[in-house]
Structures are given as C-alpha cells and as structure tokens.
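>>> structure for the following, please:
(one chain, ligands or ions: 2)
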Amino acid sequence: MNKPIVAVVGRPNVGKSTFFNKIVGRRVSIVEDTPGVTRDRIYAEAEWRDTPFILIDTGGIEPDSDDIILSQMRAQAEIAMETAQVILFLVDGRSGVTSADREVASMLRRKGKDVILVANKIDTPKLPDDFYDFYELGLGDPIAISAANMLGLGDLLEMIIEKFPQNEDAMEEDDRTNIAIIGKPNVGKSSLINAFLGENRVIVSNIAGTTRDSIDTPFTHGEDSFLLIDTAGIRRKSKVIQDIERYSVIRAISAIERCDVCFLMIDAQEGVTEQDKKIAGVAHESGKGMIIVVNKWDLVEKETNTMRDFEREIREELPFMTYAPIVFISVLKNQRLEKLINMAKMVADKRAMRVPTGQLNSLIVDATMMQSPPSDKGKRLKIYYVTQVAVKPPLFSFKINDRELMHFSYARYLENKIREGFGFEGTSIKFVFREKGESVNE
Ligand code: GDP
Ligand code: GDP
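Ligands and ions are numbered 1, 2, ... in the order given. From the prediction side, this is the model:
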C-alpha cells in the first residue's frame, strides 16, 4: 500500500523538531538501520492505530533573517502542497499570529489541500488570550497541542488519519506499472522519458499530477502499460543550497511512495553520490522495486573489465540492495533501453509474486538441513512453519520457537535461499518472526 504523506510546515522555533520526534519516537532508530538514510532527519515512518504514514519535516536549516524566513516558508509550503496528502501548519500558540504565518496560510488556502492548523506550546489547559486570533488565518479551528509535554497529540493524530484518502487499494489494483525516475540533475531523466515515448510512438499525453506539479507520463510497450513519474522538470529557486537538496529528497520520497519500481539513475562518469545513496535507502525502506540504471555509458572508455568493476563499485556503495539489477544504458545511443523497460515489468511482477506455501516450506526444510539453525545455551532455533502473508513487497511470516535465536546472519541465509528458489529480482523481501502462541495480528 502506498503510505500517505503528512508534511509539517512552520516557522523556525515553533517546535517542528520536537513534534516530529514525539510522533515518530522509537521508529527513528529503525529507519536509521539503512546507512545514510535519515541522517538529517527529513522523513520517518510513523503509525497511528495501525495506519502507517510518512511524516516529512519540510523545515531545513535555520535562516537568520526575516526575508529568508519568509522565502523558506514559501518554499516549504510549496513542497508540502506538491507532495503531501495532509499538511500540518505548525504555529507557536504563545506568540500570536505573525505576518509570515499569514502569508503562508494564504498560500495553503489557495490550493484547497487538507491543512490542519496546529498551535504548539500550549502547555496548560488554559488557552492564551490571543489564541482565537489564529482563526483569522482561515484554516479552520486551531488545534492546541504541547509537543514537548505530549498533550493533544492523540486527538491530532486522529484528525490526521481521518483525512487520508480512502479506497487507495482499489485504485492500485490496475495492472499499470508505476515507475519513479530518480537521479540528480543532468543524469538524463528527461532524455530517458523522451526516448521511451519516441521509441514506442505511443500516447504522449501529459497528465499534470492532480496534487503536484510533477508530470506523470503514461505509455505502453507491447501489452504492458506504464506510468512514468518524473521529478526532473522541477527546479526550485532557493537562496540556500541545503534547501534545494532537502526539497529534492522530499520530492524523490513522494515519487518513490507512488511507484512500483524505482529507476535510480546514476551518471557513469560520476558514480554513486551521497544523494543517490540516500534515495536508494528510501526506496529500500519503503519496499519498492529497484533497478540501478547507469546512464551515459557511451562516455566511458571501456577496457576488458570496466563494466564488472563499475558493478562492484556500486555494490560496495549500496550494500543493502544487492537484489537490485544494474543496467548500463546510453539514452543517447539508444542502448539497452528495451532491456530496461522489460526489466521494469519483470521486477514489478516479482514484487507482486506469491509463492505456494507447500513449496516454500519444503525449501525452508532443505535450507535448515544444509545449514543448521543457530543455537544458544543448548537451545536451537526451530522453524515450524513459513507463509507468505503479503506482496508488494513480499512478506514472509515465520513461526519459530524463540525470536532471540533468529540471528541476522541466519535470516540473511534464508533470504538468499528464498531468492535462489523463487527469484524476487529487484525487490526487497521482508520477514516477520512470531513465536508459538502469538497471534498473527500482534
Ligand atoms: P523547530 O525549529 O520548529 O524545529 O523547533 P524546535 O522543535 O527546535 O523547538 C524550538 C524550541 O521550542 C525548543 O526550545 C523546544 O524545547 C521548545 N518547544 C517545543 N515544543 C514545545 C512545547 O510544546 N512547549 C514549550 N513550552 N516549548 C516547546
Ligand atoms: P535530467 O536533468 O536528469 O532530466 O537530464 P537531461 O535528460 O536533461 O540530460 C542532461 C544532459 O545529458 C543532456 O545534455 C542530454 O543530452 C545528456 N545525456 C542524456 N543521456 C545521455 C547519454 O546516454 N549519453 C550522453 N553522452 N549524454 C546524455
């Protein structure tokens, strides 16, 4: 399921970081498992009453002058409107309405997005006298919270999840493969899209995304339908370079959330950059299909092992996604574009694949015979039963005797065996371990 995105917008010092940390809490450390992903904490997964969502903090570095604050807030509001389903506009409940608040409120009102006005730092039940001034922002009832003291957060979360779009699942059931094309400026994203369209001489209708400015382009190849989600066209002006990077990551996150398969485009002359790693981490965490696309291969001087060496370098840089195929292309020379699009379809199919329970269990039995499960203090790990409980990404539930005994390395061994047996190229696969007696819906 695509997770809804909730973006937090607001002036410096209103409590965005505090709010973010309280909502996300313990989940942050889990997300940080992938190196480089959330170092500067742009986003994290959160959950309320079994409804997962993605929380994005649009605020970046601290601007030091009023006009920079204003321009940064405008940019924050724009990126939030472009990428999020629900926007939280955080204000300082104790300092009254500022002119920057008014300006941002009027931007947010114009788009008709779901915006919740949140007045933070209301630490006591008594509301400040000027609290009602917030009504003049025209964003409905201000919701009073105290992030620091965790007051009012439950009610707010309740409001947030009520605003999420319903019937998302039904819409996803079409057999179109959504491809997010991600990569730094000039890597060749637009060229690739044009090449696909030209080559296939099909529909060139651009649907402006209903809720965002990025352009989604549908096209067909043979029997297969695709939607290309492009983040290329947008170049946001900003005075601050860190802002631009932050916004491009936020944009990538939202494109990835909507896709089935992500093309991570890497420039053959530059190799994997920090930004590429961060985005690869996002795609991995969200369980999307992944293909690493090395473009401009025509510009590389080739010797006997050039491709192999390049491949090794990528694997070293992105060790957490060895499952992602690497394709070396040249958009300019029209090299391997056919292979790439066929692979996208293949990866989408693998991500949606269900393996029969009988075959799965006999594969696991064989695997445990070839390499005994780990033991500790005379107690050995026992695997009673395995089922695939979900697709997109494939999720396997293991019924075992003791979770403590399931070492990371053994889980990885089992993952490799499942991949050898059934494929699953291009998709992460996830495991859950349940001890005997635990219900499925723990
Ligand atoms: P950001 O710049 O919007 O991310 O704001 P921060 O989260 O860094 O918070 C700015 C300051 O406000 C910090 O000193 C926080 O401790 C304080 N703060 C945040 N939330 C609350 C709150 O609910 N009540 C009070 N009294 N202070 C808060
Ligand atoms: P975007 O910013 O990622 O959308 O990149 P563009 O599609 O605008 O391409 C940036 C530049 O790279 C353009 O000048 C393209 O002609 C060039 N380019 C794209 N693909 C290739 C390729 O395969 N080989 C070479 N040599 N140049 C390419």
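
>>> residues in contact with residue 193?
Residues near residue 193 by CB atoms under 8 Å, 6 or more residues apart in numbering: 181, 217, 228, 230, 232. For glycine as for every other residue, the C-beta is placed from the backbone atoms N, C-alpha and C.

>>> tell me the one of these nearest residue 291?
Distance to residue 291, by CB to CB, is smallest for residue 181 among those, at 10.3 Å.

>>> looks to me like the closest one is in a strand.
Yes - counting by DSSP: H, G, I helix; E, B strand; the rest coil, residue 181 is located in a strand.

>>> is it true that it touches residue 217?
No - the criterion here is CB atoms under 8 Å, and residue 181 misses it with residue 217 at 9.8 Å.

>>> of the two, which one has the most company?
Shown here are residue 181 and residue 217; by other CB atoms under 10 Å, residue 181 has more neighbours (26 against 20).

>>> so what's that one up against?
With contact set as CB under 8 Å, 6+ apart, residue 181 has these partners: 189, 192-193, 228-232, 255, 263, 265.

>>> try residue 436
384, 399-401.

>>> make TSV out of those residues and add neighbour count and distance to residue 348.
Converted to TSV, the contacts of residue 436 look like this (neighbours: other CB atoms under 10 Å; distance: CB to CB, whole Å):
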residue	neighbour count	distance to residue 348
384	12	32
399	17	30
400	19	31
401	16	36
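
>>> quick check, nearest of those to residue 434?
Closest to residue 434, out of all of the contacts of residue 436 and judged by CB to CB, is residue 399, at 5.6 Å.

>>> I'd assumed residue 431 was in contact with the closest one.
No - using CB under 8 Å, residue 399 is not in contact with residue 431; the gap is 11.7 Å.

>>> quickly find the element holding residue 197.
If you go by DSSP states H and E, residue 197 is part of helix 189-200.

>>> closest residue of the stretch 251-400 of the chain to ligand 1?
In the stretch 251-400 of the chain, the residue that lies nearest ligand 1 is residue 253 (18.8 Å; CB to the nearest ligand atom).

>>> before we move on, what about the stretch 201-350 of the chain?
Residue nearest to ligand 1 within the stretch 201-350 of the chain: residue 246 (13.4 Å; CB to the nearest ligand atom).

>>> distance check, that residue against residue 58.
Going from residue 246 to residue 58 by CB to CB, to the nearest Å gives 8 Å.

>>> of these two, who's got more company?
Between residue 246 and residue 58, counting by other CB under 10 Å, residue 58 is the more crowded of the two (27 against 23).

>>> what's the burial count for the nearest residue to residue 84 once chain neighbours are set aside?
Among residues not flanking residue 84 along the chain, residue 7 sits closest, at 3.7 Å (CB to CB, 6 or more residues apart in numbering). Residue 7: 27 surrounding residues under other CB under 10 Å.

>>> can you name the residues bridging to residue 7?
On the basis of DSSP bridges, residue 7 is bridged to residue 56, residue 87.

>>> show the contacting residues for it.
For residue 7, the contact set (CB under 8 Å, 6+ apart) comprises 55-56, 58, 79-80, 83-84, 86-88, 250.

>>> distance-wise, check it relative to residue 378.
Counting by CB to CB, the gap from residue 7 to residue 378 is 52 Å.

>>> residue 433 contacts residue 403, correct?
Yes - using CB under 8 Å, residue 433 and residue 403 qualify as a contacting pair, with a distance of 5.1 Å.

>>> neighbour count winner among those two?
residue 433 (18 against 13).

>>> show me what contacts that one?
By CB under 8 Å, 6+ apart, the contact set of residue 433 is 397-398, 400, 403, 406.
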